[in-house]
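J.: the following comprises the amino acid sequence and a computationally predicted model.
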Amino acid sequence: MELHHLVGEGARIDALRPSQDRIRQIQRDHWYTYPRADAVLGYMERLFQHARIDRMPNLQVIGESMSGKTRLLNRFAQELHQPVVDSRLAADYRPVVMFDAPINASAQALLQEMLIAVNAPFPASANPTRLMAIVETVYRRIETRVLIIDEIQHIVRGSGKQQRELRDQIKLIGNRLRISIVAAGIPEASNAFASDPQLSNRFHRLELKRWHINNQEDLKYAVAIIKSWQETCPLKKPSQLLQEAIIQRIFDETGGLFGHVIGYLKLASEYAIVSGDEHIHEGTLRKMGWRIPDEVDNKYFVA
């Protein structure tokens, strides 16, 4: 079978696998590099390599839902800086720890989540002072250098008192452990630290913005990712993803949000296999059952 539309021997071999194997491959997590993601990863790597000082630099990452934020954070924590968990060692090695900010916005809940993230036991009745002592012991033992707190917008949903306590606790964690903190969330989280100038000044801010169809740079990188998908997706026939009308449709139905673009390509590819077409065309996009998400609107037309 001729598979010249695919780039690389591995992609051609994958295209010959059974349908269900190919669908599972399509469904798995994928990573594609582009400038905004590279900027965030590069800054996080700078934090990771930073000398330990009294006031460690930090980062706040802001992105809409489905902007690719959590996939990027997971790549840094789980792929670029993998933990080493081995019962033969005196302690696990977890250079980067990632967890979601608790919905119950309290200092106690934050510290509990820090310990749960590394499978460390703690007394259920322990107060924040006791929990912080355990956190210090555990995190020094596992040699953590960067702490990633996702869904940081939960902080701003608490009462004024709870927000102050959480901000003070985050400062204390950074000061005591001398580690860098990456706080990530949706735009609602933009002002999570604004009312505390001392804390706000410690967080450099980067945004993962949606791609704008009328921005040539955005369009270039979006098309590059779609082209890469087309060249490696295990379909047996060449797809038509790079046609201007299809590029326009992808933007229209995903709003230029990275996570939705990848989800769209996955669904189209799965449908191409299940339907027997083995390639993506205009009819695929009409029939595959994509439901335009709530986040999709005309924002991507505004540069």
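T.: Received, thanks.
J.: which of the three states applies to residue 289?
T.: With DSSP: H, G, I helix; E, B strand; the rest coil as the basis, residue 289 sits in coil.
J.: next one, pLDDT for it please.
T.: In this prediction, residue 289 carries a pLDDT score of 94.
J.: what segments of this protein are helices?
T.: With DSSP state H, the ranges of helices along the chain come out as 9-15, 19-27, 35-49, 69-74, 107-117, 128-141, 160-177, 197-200, 216-232, 244-254, 258-274, 282-287.
J.: what's in contact with the shortest one?
T.: To tie it back to what came earlier, the one meant is helix 197-200. By Cβ atoms under 8 Å, 6 or more residues apart in numbering, the residues outside helix 197-200 that reach it are 167, 170, 171, 193, 194. (C-beta placed from N, C-alpha, C; glycine too.)
J.: again, only this time at 6 Å
T.: 167, 171, 193, 194 (Cβ atoms under 6 Å, 6 or more residues apart in numbering).
J.: tell me which residues of it come out buried.
T.: residue 199 (16 or more other Cβ atoms under 10 Å).
J.: figure out how far that helix is from the centre of its chain.
T.: 25 Å (Cα atoms, centre = their mean, to the nearest Å).
J.: same check, this time on the second one
T.: Taking the mean of its C-alpha atoms, helix 19-27 sits 22 Å from the chain's own mean (Cα atoms, centre = their mean).
J.: list the helices and strands that helix packs on?
T.: Where contact means 3 or more Cβ pairs under 6 Å, 6 or more residues apart in numbering; DSSP states H and E, helix 19-27 is packed against helix 258-274.
J.: highest neighbour count among the contacts of helix 197-200?
T.: Among these, the one with the most neighbours (other Cβ atoms under 10 Å) is residue 193, at 25 neighbours.
J.: residues contacting that one?
T.: 199, 200, 203.
J.: and the second one, how close does it get to residue 180?
T.: Right, the one you point to is residue 200. Going from residue 200 to residue 180 by Cβ to Cβ, to the nearest Å gives 16 Å.
J.: any idea how many residues pack against residue 8?
T.: Residue neighbour count, defined by other Cβ under 10 Å, stands at 10 for residue 8.
J.: ok, the residue nearest to it when sequence neighbours are not counted to residue 19 distance?
T.: Of all residues not flanking residue 8 in the chain, residue 232 sits nearest, at 7.0 Å (Cβ to Cβ, 6 or more residues apart in numbering). From residue 232 across to residue 19, the span is 17 Å (Cβ to Cβ).
J.: between these two, which has more neighbouring residues?
T.: residue 232 (17 against 13).
J.: hang on, that one packs against residue 9?
T.: No - counting by Cβ atoms under 6 Å, residue 232 does not reach residue 9; the two are 11.5 Å apart.
J.: pLDDT and distance to residue 30 for the contacts of residue 193 - can I get that in CSV?
T.: Converted to CSV, these look like this (pLDDT from 0 to 100; distance: Cβ to Cβ, whole Å):
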residue, pLDDT, distance to residue 30
199, 81, 35
200, 83, 35
203, 93, 29
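J.: make JSON lines from those residues and add distance to residue 35 to it.
T.: Converted to JSON lines, those look like this (distance: Cβ to Cβ, whole Å):
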{"residue": "199", "distance to residue 35": "28"}
{"residue": "200", "distance to residue 35": "26"}
{"residue": "203", "distance to residue 35": "21"}
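J.: and of those, the nearest to residue 132?
T.: For those, the closest approach to residue 132 (Cβ to Cβ) belongs to residue 199, at 17.0 Å.
J.: how far away is the closest residue to residue 222 other than its chain neighbours from residue 260?
T.: Excluding its sequence neighbours, the residue lying closest to residue 222 (Cβ to Cβ, 6+ apart) is residue 211, at 4.8 Å. Distance of residue 211 to residue 260, given as Cβ to Cβ: 10 Å.
J.: repeat for residue 247
T.: In terms of Cβ to Cβ, residue 247 sits 14 Å off from residue 260.
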